[in-house]
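Peer 1: quick one, structure for this:
(one chain, ligands or ions: 1)
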Amino acid sequence: MAFFNVAHLHISFGGLKAVNNISFDVQRNEIFSIIGPNGSGKTTIFNLISGIYRPDEGRIVLEGENMVGKTPDRIARKGIARTFQNIELFANATVMDNLMLGRHIHMRTGIFGGAFMFGSRSRAAREEVAHREKVERIIDFLELQSVRDQFVGGLAYGKRKLVELGRALAMEPKVMLLDEPSAGMNTEEKDDLTIWIKDIRDDFQVTILLIEHDMNMIMGISDRVLAMNQGREIIQGAPGEVQRHPEVIKAYLGEEAIA
Ligand SMILES: Nc1ncnc2c1ncn2[C@@H]1O[C@H](COP(=O)(O)OP(=O)(O)OP(=O)(O)O)[C@@H](O)[C@H]1O
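Peer 2: This is a model prediction of the structure:
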């Protein structure tokens, strides 16, 4: 049994089959990418996995446990974290506080409870210190030291994307769903991001599902790729094999590309 398995996933909105019989296996510590033109159903798959939508049919299984029917909060606690296409951070909170929010699923005393409520030697305070240490490791790892006390709203776009990545990492997930993490980044930032994603996999032992439009990044980072169009699978396999498939070329570049 695969570490993470999606089987015969279906969802329709009205008459539109947004996800139509999608199945895939992801092994532990793999980077598995989903590509396809706009509207092909990629983000909907992430919404199904994270419990925002419930599939009409199909299974989503992490380490043998079916996630279908669980609430988004429960699924996050089971170890599935995500980032969004449009950044969803607290703009009027600091980088540090946004990352601490990623720890909330592991906190017994509630966010920012700790020392303030119960005194500096209480168990709650010690717990908060431990959480802060975990967040410090992530701040070091993503090189966010220089902006750690700044409000997220004032940061450059590429930095905000990194903070979102850091917040998902702060949840100590088993699986991370990254929805177009490189969107809006320049080439240098994309190169850095590619390295960070590989390091997240290697250093933090996280399995990664990635939605991306940047083909260079997909080719350089993925162990395997699923290509979709209009809710259906075109092909899945090694990146080179997927990139050469005529329907993938057609879906991306139009008919003339294979004429
Ligand atoms: N809640 C919803 N209600 C109605 N239609 C929806 C809903 N969510 C998604 N869809 C539709 O499902 C289809 C797939 O959308 P989805 O966002 O998954 O595509 P995508 O491949 O992620 O596209 P993009 O690359 O533009 O993000 C689209 O036609 C979209 O309009």
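
Peer 1: so which bits of the stretch 1-150 of the chain are right by the ligand?
Peer 2: Within reach of the ligand by C-beta under 6 Å from any ligand atom, the stretch 1-150 of the chain has these residues: 13, 16, 18, 36, 38-44, 85. C-beta: built from backbone N, CA, C; applies to glycine.

Peer 1: surely Ala91 is in contact with Val163?
Peer 2: No. Look at Ala91 against Val163 with C-beta atoms under 8 Å: they stay out of range, at 10.5 Å.

Peer 1: who has more neighbours out of the two?
Peer 2: Higher neighbour count among Ala91 and Val163: Val163, with 28 against 12, using other C-beta atoms under 10 Å.

Peer 1: contacting residues around that one?
Peer 2: Residues counted as contacts of Val163 (C-beta atoms under 8 Å, 6 or more residues apart in numbering) are 89, 95, 98-99, 142, 144, 152, 155.

Peer 1: mind listing what Gly36 touches?
Peer 2: 42, 227-229, 234, 251.

Peer 1: so of the residues of the stretch 1-150 of the chain next to the ligand, which ones are in helices?
Peer 2: Those of those mapping onto helices are 42-44, per DSSP state H.

Peer 1: top of the contacts of Gly36 by neighbour count?
Peer 2: Lys42 (26 neighbours).

Peer 1: okay but Gln230 is in contact with Ser40, surely?
Peer 2: Yes. Taking contacts as C-beta under 8 Å, Gln230 lies within contact range of Ser40: 6.1 Å.

Peer 1: neighbour-wise, which of those two wins?
Peer 2: Neighbours per residue, other C-beta under 10 Å: of Gln230 and Ser40, the larger number sits with Ser40, 21 against 15.

Peer 1: still on that earlier bit, and of the contacts of Val163, the nearest to the ligand?
Peer 2: Looking at the contacts of Val163 and their distance to the ligand, the nearest is Leu89, at 19.2 Å (C-beta to the nearest ligand atom).

Peer 1: now do the SS call for that closest one.
Peer 2: coil (DSSP: H, G, I helix; E, B strand; the rest coil).

Peer 1: what about the closest residue to Ala93 other than its chain neighbours, how many neighbours?
Peer 2: Excluding the flanking residues, the one nearest Ala93 by C-beta to C-beta, 6 or more residues apart in numbering is Val152, at 6.4 Å. Other residues lying near Val152 total 22 when counted by other C-beta under 10 Å.

Peer 1: which residues does Val152 contact?
Peer 2: Listed by C-beta under 8 Å, 6+ apart, the contact partners of Val152 are 89-95, 98, 160, 163.

Peer 1: repeat for Leu169
Peer 2: Neighbouring residues of Leu169 by C-beta under 8 Å, 6+ apart: 81, 102, 138, 141-142, 176, 200, 204, 206.

Peer 1: let's see 7 Å
Peer 2: Leu169 makes contact with 138, 200, 204, according to C-beta atoms under 7 Å, 6 or more residues apart in numbering.

Peer 1: tell me the secondary structure for it?
Peer 2: Per three-state DSSP, the local secondary structure of Leu169 is helix.

Peer 1: the one helix or strand Ile22 maps to - contacts with which helices or strands?
Peer 2: Following DSSP states H and E, one finds Ile22 within strand 16-26. Counting contacts by 3 or more C-beta pairs under 7 Å, 6 or more residues apart in numbering; DSSP states H and E, strand 16-26 packs against strand 4-13, helix 42-49, strand 232-237.

Peer 1: average pLDDT for that strand?
Peer 2: The predicted model assigns strand 16-26 a mean pLDDT of 98.

Peer 1: export that strand to PDB, keeping only CA atoms.
Peer 2: What follows is strand 16-26, C-alpha atoms only, in PDB (Å, rounded to 0.1, in the frame of the first residue of the first chain):
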ATOM      1  CA  LEU A  16     -19.100  20.200 -14.900                       C
ATOM      2  CA  LYS A  17     -16.900  17.200 -14.100                       C
ATOM      3  CA  ALA A  18     -14.100  19.100 -12.500                       C
ATOM      4  CA  VAL A  19     -12.300  16.000 -11.300                       C
ATOM      5  CA  ASN A  20     -13.100  12.900 -13.300                       C
ATOM      6  CA  ASN A  21     -11.700   9.500 -12.100                       C
ATOM      7  CA  ILE A  22      -8.300  10.600 -10.900                       C
ATOM      8  CA  SER A  23      -6.100   8.000  -9.200                       C
ATOM      9  CA  PHE A  24      -2.500   8.200  -8.100                       C
ATOM     10  CA  ASP A  25       0.000   6.900  -5.600                       C
ATOM     11  CA  VAL A  26       2.700   8.900  -3.900                       C
END
